[in-house]
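Visitor: test case, fold it:
(chains A and B)
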Number of protein chains: 2
Amino acid sequence: MQWVKVLGGMVGATALLGLGIILGHFAIPKGANVPAPSVSQDLDLEILETVMQQLDASRIRENLRELSREPHLASSPRDEALVQLLLQRWQDPESGLDAAEAPAYEVLLSFPSQEQPNLVAVVSPTGSVVFSCRQSEQNLTGEQAGPDVVPPYAAYAPPGTPQGLLVYANRGTEEDFMNLQTQGIKLEGTIALTRYGGAGRGAKAVNAAKYGVAGVLVYTDPADINDGQSSANETFPNSWRLPPSGVERGSYYEYFGDPLTPYLPANPSSFRLDPDAAPGFPPIPAQPIGFDDAKILLCNLQGPTAPAAWQGALGCDYRLGPGFRSDGDFPAGSQVNVSVHNRRELRNSSNVLGIIRGAVEPDRYVLYGNHRDSWVHGAVDPSSGTAVLLELSRVLGTLLKKGTWRPRRSIVFASWGAEEFGLIGSTEFTEEFFSKLQERTVAYINVDISVFANATLRAQGTPPVQSVIFAATKQIPAPSPVGLSIYDNWIRYSNRSSPAYGVVPSLGSLGAGSDYAPFIHFLGVSSMDIAYTYDRSKTSARIYPTYHTAFDTFGYVDKFVDPGFSSHQAVARTAGSVLLRLSDSLFLPLNVSDYGETLRSFLQAAQQNLGGLLEQHSISLGRLVTAVEKFEAAAAALEQHRSVLQKGSPDPLQVRMLNDQLMLLERTFLNPRAFPEERYYSHVLWAPRTSSVATFPGLANACSQAMNTSLGSEAWAEVRRQLSILVVALEGAAATLRPVADL
Amino acid sequence: MQWVKVLGGMVGATALLGLGIILGHFAIPKGANVPAPSVSQDLDLEILETVMQQLDASRIRENLRELSREPHLASSPRDEALVQLLLQRWQDPESGLDAAEAPAYEVLLSFPSQEQPNLVAVVSPTGSVVFSCRQSEQNLTGEQAGPDVVPPYAAYAPPGTPQGLLVYANRGTEEDFMNLQTQGIKLEGTIALTRYGGAGRGAKAVNAAKYGVAGVLVYTDPADINDGQSSANETFPNSWRLPPSGVERGSYYEYFGDPLTPYLPANPSSFRLDPDAAPGFPPIPAQPIGFDDAKILLCNLQGPTAPAAWQGALGCDYRLGPGFRSDGDFPAGSQVNVSVHNRRELRNSSNVLGIIRGAVEPDRYVLYGNHRDSWVHGAVDPSSGTAVLLELSRVLGTLLKKGTWRPRRSIVFASWGAEEFGLIGSTEFTEEFFSKLQERTVAYINVDISVFANATLRAQGTPPVQSVIFAATKQIPAPSPVGLSIYDNWIRYSNRSSPAYGVVPSLGSLGAGSDYAPFIHFLGVSSMDIAYTYDRSKTSARIYPTYHTAFDTFGYVDKFVDPGFSSHQAVARTAGSVLLRLSDSLFLPLNVSDYGETLRSFLQAAQQNLGGLLEQHSISLGRLVTAVEKFEAAAAALEQHRSVLQKGSPDPLQVRMLNDQLMLLERTFLNPRAFPEERYYSHVLWAPRTSSVATFPGLANACSQAMNTSLGSEAWAEVRRQLSILVVALEGAAATLRPVADL
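Guide: A predicted model of the protein is given here:
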């Protein structure tokens, strides 16, 4: 055991400070008699099985009860208390990690004013308030009225008190407003009532402002969240459905990361943009309301009947406005006043980081994270994930402290701050440690909401993680039906036909909905998000109904979402197994050939959907075809090389070299100059797409911009530029996979 | 020997294709009985000594004779013939490398028209040509008149035939033109005669155009190149000095890399900018001339006498113009006509790449390169470097083919194309293989001109390479004086006082003068440039006098620059020793603490030169100080860790992890968003600086922009942004050096 010898020779000669540093560097287990690390240390299936057994549903339930006991909005005292709770757990001598800390960033958040609550009111032509929307949700379980329950608001919406005639603008997409304009609805100076879904929160305000709308209201239609049901006795606390007063809070900021420090960590002395000039904030006041209030506003509208697709389940004909009908509840000519008094404030928000140092390759990191901050109690979002995180870290920490186990690679657990405001904690972390993380991170596992519902696993990720998720889920029993593995159950709900494997569960792709976004888009780290979710044959709800409301409580989870917490346990086991496989396997369980399948399907979609258009403009996809073929060939050869090595007893450097190829593949798809307008997005395969066809985003977006322009336009030049960027990225990826000493 | 076992189990099961791939992957020496690679393989001092002994001055001389036998302008038939020569050498069964190839790019070059030669003439008011400058250099050695000698021209200067009164504009800097304007010299529509030096070639035309100048002439003043001497009998072929008709050719393009494919490899189907809209070309026609012609023009000027600092050695009072004096050689009112007929053309230009596969870590590359293309015969530039490259590859190839040696890491030799037009071949290479090279390259060694003169070594590089150059040069005898090492001789000519080491030779910093530029600025690879150079007490020449002229011939080198080729041999030994140390040492011989010394000196310069100004604007350098301290502490601890490991017998992964920290340090200083206007420059420490003070370039440049603006200006925001970028980079660098499992 090498380090003993080294230390022996050293103590006399070296100062104690140096000794401390070296000890840290060698990742020596603390107070534990772990077996000497061997360079060929591999996944131990017995340890894996032990971990699976020890992940305990009732402990997850207790974690959740504690985590969601009080509202813990980002930077609030309770959020800070949870930072301490996490630190305490991760520093526990019996079940903690090797080290834990809680670095804070100074970030720009947005809160409603306590002195001047936001208000939505109907004002008669004489100026009298004839109706006011509720300013808080109904106190149905005794948990909705506390001082720490933040009233519903649209974070980062600017203060202002616009007043105007009400119009109904469906989901507030660009098309929706264009449609209204086409129908002759005068939008200038109106207040637009929109429903959640279709467009992002902030996008509704951005789109509205383009048409001169003065303020935006947003509500959740029972058609979209409750499968149409809306009465009090059909909704929480009588079912899992959204009560009439429930309001979805959320961030209306367009980008992610701290708004004032793009690409720089938000340290106190960091350069900050002028808050009044920083981009990405909604241009006009916005406020979310409950569907009880929305119903009163919407069902009193005059004007043409809204299109069938715009109708919802509020029990009246939705009309477009502008203004209320004269035979309704309000005096003719009544307007809607939206009073928003939000304030942006610099606040300290902490991440909590805990590490288990790797025994053999401590410089390879498997990251596992979730955010900690919620809008209110956040039992589902995010505490269902944090409850799993704490249980997993407890089980692994216990093995670690007992000396039973230490992973081959380092494991970093993270509890991110201020995710709800725009993935802020995780983004600042990636900005601060960009190089180190990009050099060393094997994969990022995100478990935000761990259980949306208890029907089936749902996983999103980049292609290389598919195989490790499959391997893990094949070995874990599903909570139900008895006898099926999580994998077998998953495939029943969501599957696709893979050219290589036949029918397999369908792995979703990653957008930017949680903290994986900076890891995949900015760092180029293979990432995944794991949860249990709905039976889509039983509900068409946009998301679990109490999302971002004061009804997302422990009781809600315990009674409706996952009684018995078996789905939480299933997610803990899945994520835990994936984590152990990534941290402990001698050969990284990342399958690069699976990227070939994605590229091939993107290529086919591009050929089908864009090929004709491109041909008309004399742009050939030939080089793209060749690049995909090169990638496939290089990936297949690399997998073959892996299998040969696995059958032999390769030297540790041969394994490391192969693993580096596997780890770094995702990085090769980054091009920081590909999408200069899209902050942080540099992954040429997963940047946002404007069309719904799953294909190469840069190429597809550029085509849709160019489509109606002339041949020599800038837009067509951009199509050709995007095609080149893509080809170079794929060829660069293939070059990384080819034998390392090939020219 | 592990691979034998693996192959045994494999042959039955695997197709031959797979076998080939695996063989390549394992980097098995070809037809050689090299000892089985050991994961602890280290530098073999006997091999090193053998290489030093075998590097043969007379073979370098013969290489140079062949390489410089004919002009070999980029993409010319002779340039292509040299591609074949290199391939043949590197594929030689007795002394070649493992593999070699010659990939071509399609790049935009610029040539004078053969049908319409460029011409500079004096035209009388009646329109008659009263004087013409020579259109080619004098045929002094029989080598200046061949059909392949490209006439002097300013590559990429646009075609045009401006005519106007002549002015003298010194070196064509912005200050020079401002000075002329201040003196009341009307510049609009003039032809500006400038001398080389002070500003970049293209910058002279850019600066001139800002003042309405219509055309630019450039010459080399004997004061700047010949220590004042100018007569035929004082110059080549009677001495090493520039003959009166000699003209420095050169690229007038402002950036580097293929002008039409920034950030993309110039493959035939790559997206290209519109050549008429692409940035970086000189805005007005320009043409270089010899000092014999310049003398006739300049000594006939009228107007005020030029400032003392603008005077040269042409034997007359330099006056500013505009126009010629009436009592001179030309009719009163005569103008100068500059006829430029350059054409830009897409041409194929090849790099030649050769590899020696590493025995143990084939995925770590030490790159060694030089360009191949010249302006004319290019005996000094670049063939003196290529002659060394070929001798070094011969010696190593012979050891390799004999089975005596195989390096621990892979060695890649490169002969770059089209460097003279703007580092094009090397830049396209870094664009094509960006990810793979950034992940794996240990260092880049550039030996362009290997011998400027035979007095002393001159090395430029980033701080981590200082120690390996010192180690190498201490072991190699200087060509003269007898008994001194190259190191001991070097320190006599150029030294500085290092806080850590006392007096040491002075390592220069890297600009963008040769093919190292894309490696250091774009890839962030530790780089160096090595040559033998002048005794500055004996000459003040800007550069060796026949630079970029038709007089840079084999005879010139053989007779004047390095008779006996002992300086060539000294450079071959130095570069060869550095190469072997980098490729073969178990621990990478890159010293990261030496970066601390640079940072400390940059910091002190910033405090002294910018501290007061910043304080006036309430900008504190405190966080920068802390960041430098963090870097120093982390670097010192890492060096201590290295020394502990070196004393023990560390496992191969411990060494690899440390080496990765050393290798990747340079990458951590990159920020592709730091200097959006400066193409390819992303290294926050080595980007171009506008001031002469050696300090942090982004901060210093931003300060000089902001200096005269008001407190709330954009320019001051940029100062604060640059300071944050710098602090984040230094803290990121320190994070990379800290123990790898520290949070």
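Visitor: any idea which helix is longest in chain A?
Guide: Looking across chain A with DSSP state H, the single longest helix is helix A:622-647.
Visitor: from the middle of its chain, how far away would that helix be?
Guide: Centroid separation between helix A:622-647 and its chain, computed with CA atoms, centre = their mean, to the nearest Å, is 31 Å.
Visitor: list the buried residues of it.
Guide: Using 16 or more other CB atoms under 10 Å in any protein chain shown as the test for burial, helix A:622-647 gives A:623-624, A:627-642, A:644-645. Any C-beta I mention is one placed from the backbone N, CA and C, and that applies to glycine too.
Visitor: next one: stretch A:549-566
Guide: Using 16+ other CB under 10 Å as the test for burial, stretch A:549-566 gives A:549-558, A:560-562, A:565-566.
Visitor: ok, now stretch A:233-245?
Guide: Neighbour counts over stretch A:233-245 (16+ other CB under 10 Å) mark A:234-236, A:240-245 as buried.
Visitor: and which of those residues is nearest chain B?
Guide: A:Trp240 (39.1 Å; CB to the nearest CB).
Visitor: quick one: contacts for that closest one?
Guide: A:544-546, A:556, A:560-561 (CB atoms under 8 Å, 6 or more residues apart in numbering or on different chains).
Visitor: so it: helix, strand or coil?
Guide: Classification of A:Trp240 using DSSP: H, G, I helix; E, B strand; the rest coil returns coil.
Visitor: so which of the contacts of A:Trp240 belong to helices?
Guide: Reading helices off the contacts of A:Trp240 with DSSP H, I get A:Tyr556.
Visitor: from the contacts of A:Trp240, which is closest to A:Leu665?
Guide: Nearest to A:Leu665 out of these is A:Tyr544 (CB to CB; 34.6 Å).
Visitor: which pair in the contacts of A:Trp240 spans the largest distance?
Guide: Greatest spatial distance in the contacts of A:Trp240: A:Pro545 and A:Val561, 10.1 Å, computed using CB to CB.
Visitor: and A:Gly333, what does it touch?
Guide: If you count contacts by CB under 8 Å, 6+ apart, then A:Gly333 has A:124-125, A:323 around it.
Visitor: top of those by neighbour count?
Guide: Greatest neighbour count in the contacts of A:Gly333, by other CB atoms under 10 Å in any protein chain shown, goes to A:Gly323: 21 neighbours.
Visitor: for A:Gly164, phi and psi?
Guide: Here is the backbone geometry of A:Gly164 (degrees, to the nearest 10): phi -180, psi 180.
Visitor: what sits against it?
Guide: Shown in contact with A:Gly164 (CB under 8 Å, 6+ apart): A:189-191, A:214-215, A:322, A:335-336.
Visitor: count of residues packed around A:Arg343?
Guide: Neighbourhood size, A:Arg343 [other CB under 10 Å]: 12.
Visitor: wait, doesn't it sit right on A:Pro159?
Guide: Yes - using CB atoms under 8 Å, A:Arg343 is in contact with A:Pro159, at 7.3 Å.
Visitor: mind giving me the domain ranges of chain A?
Guide: Following the TED database, one gets these domains for chain A: A:45-103+A:351-584, A:110-341, A:595-737.
Visitor: what's the most buried one of the ones you listed?
Guide: Of all the domains of chain A, domain A:45-103+A:351-584 has the most neighbours on average by mean count of other CB atoms under 10 Å in any protein chain shown, namely a mean of 23.
Visitor: that older thread, can I get the buried residues of stretch A:233-245 in CSV with pLDDT and distance to A:Asp42?
Guide: Compiled in CSV, the buried residues of stretch A:233-245 are given as follows (pLDDT from 0 to 100; distance: CB to CB, whole Å):
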residue, pLDDT, distance to A:Asp42
A:Glu234, 96, 54
A:Thr235, 98, 52
A:Phe236, 98, 48
A:Trp240, 97, 44
A:Arg241, 98, 48
A:Leu242, 98, 48
A:Pro243, 98, 52
A:Pro244, 98, 56
A:Ser245, 98, 55
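Visitor: just the closest of the contacts of A:Gly333 to A:Ala606, please.
Guide: Nearest to A:Ala606, judged by CB to CB, of the contacts of A:Gly333 is A:Gly323 at 47.0 Å.
Visitor: which of the buried residues of stretch A:233-245 sits closest to B:Asp44?
Guide: Nearest to B:Asp44 among the buried residues of stretch A:233-245, with distances taken as CB to CB, is A:Trp240, at 71.9 Å.
Visitor: how about A:Ala104, what does it touch?
Guide: Taking CB under 8 Å, 6+ apart as the contact definition, A:Ala104 lies against A:348-351, A:417.
Visitor: A:Gln287 belongs to a strand?
Guide: Yes - assessed with three-state DSSP, A:Gln287 lies in a strand.
Visitor: any idea how far it lies from chain B?
Guide: To chain B, A:Gln287 is 33 Å away according to CB to the nearest CB, to the nearest Å.
Visitor: that residue bridge partners, please.
Guide: A:Gln287 forms beta bridges with A:Leu217, as assigned by DSSP bridges.
Visitor: show me the contacts for it.
Guide: A:118, A:120, A:152-154, A:157, A:215-218, A:338, A:340.
Visitor: and the pLDDT for it?
Guide: Predicted confidence (pLDDT) at A:Gln287: the value is 98.
Visitor: residue in the stretch 201-350 of chain A nearest to chain B?
Guide: Closest residue of the stretch 201-350 of chain A to chain B, CB to the nearest CB: A:Phe271 (3.9 Å).
Visitor: any stretches of chain A with poor pLDDT?
Guide: For chain A, applying pLDDT under 70 flags the ranges A:1-36.
Visitor: tell me the centre residue of it?
Guide: Computing the C-alpha centroid of chain A and ranking residues by CA atoms, centre = their mean puts A:Ser514 first, at 1.5 Å.
Visitor: for it, grab phi and psi.
Guide: Dihedral pair for A:Ser514: phi -150, psi -170, per degrees, to the nearest 10.
Visitor: with A:Pro676 instead?
Guide: Torsion angles at A:Pro676 (phi, psi; degrees, to the nearest 10) stand at phi -60, psi -20.
Visitor: quick check: the farthest pair among the contacts of A:Gln287?
Guide: Spatial extent of those (CB to CB) is set by the pair A:Pro152 and A:Gly215 at 15.2 Å.
Visitor: can you show me the helices along the stretch 151-300 of chain A?
Guide: Along the stretch 151-300 of chain A, the segments classed as helices by DSSP state H, counting those that start in this stretch run A:174-182, A:201-210, A:222-225, A:291-298.
Visitor: so the longest one versus helix A:174-182, what angle?
Guide: Using axes from the mean of the first three to the mean of the last three CA atoms, to 10 degrees, the inter-axis angle of helix A:201-210 relative to helix A:174-182 is 30 degrees.
Visitor: what about the residue lying closest to A:Arg406 once chain neighbours are set aside, distance to B:Ser618?
Guide: In space, not counting the residues next to it along the chain, A:Arg406 is nearest to A:Ala359; the distance is 4.3 Å by CB to CB, 6 or more residues apart in numbering or on different chains. As judged by CB to CB, to the nearest Å, A:Ala359 and B:Ser618 stand 49 Å apart.
Visitor: and what of A:Asp98?
Guide: Distance of A:Asp98 to B:Ser618, given as CB to CB: 41 Å.
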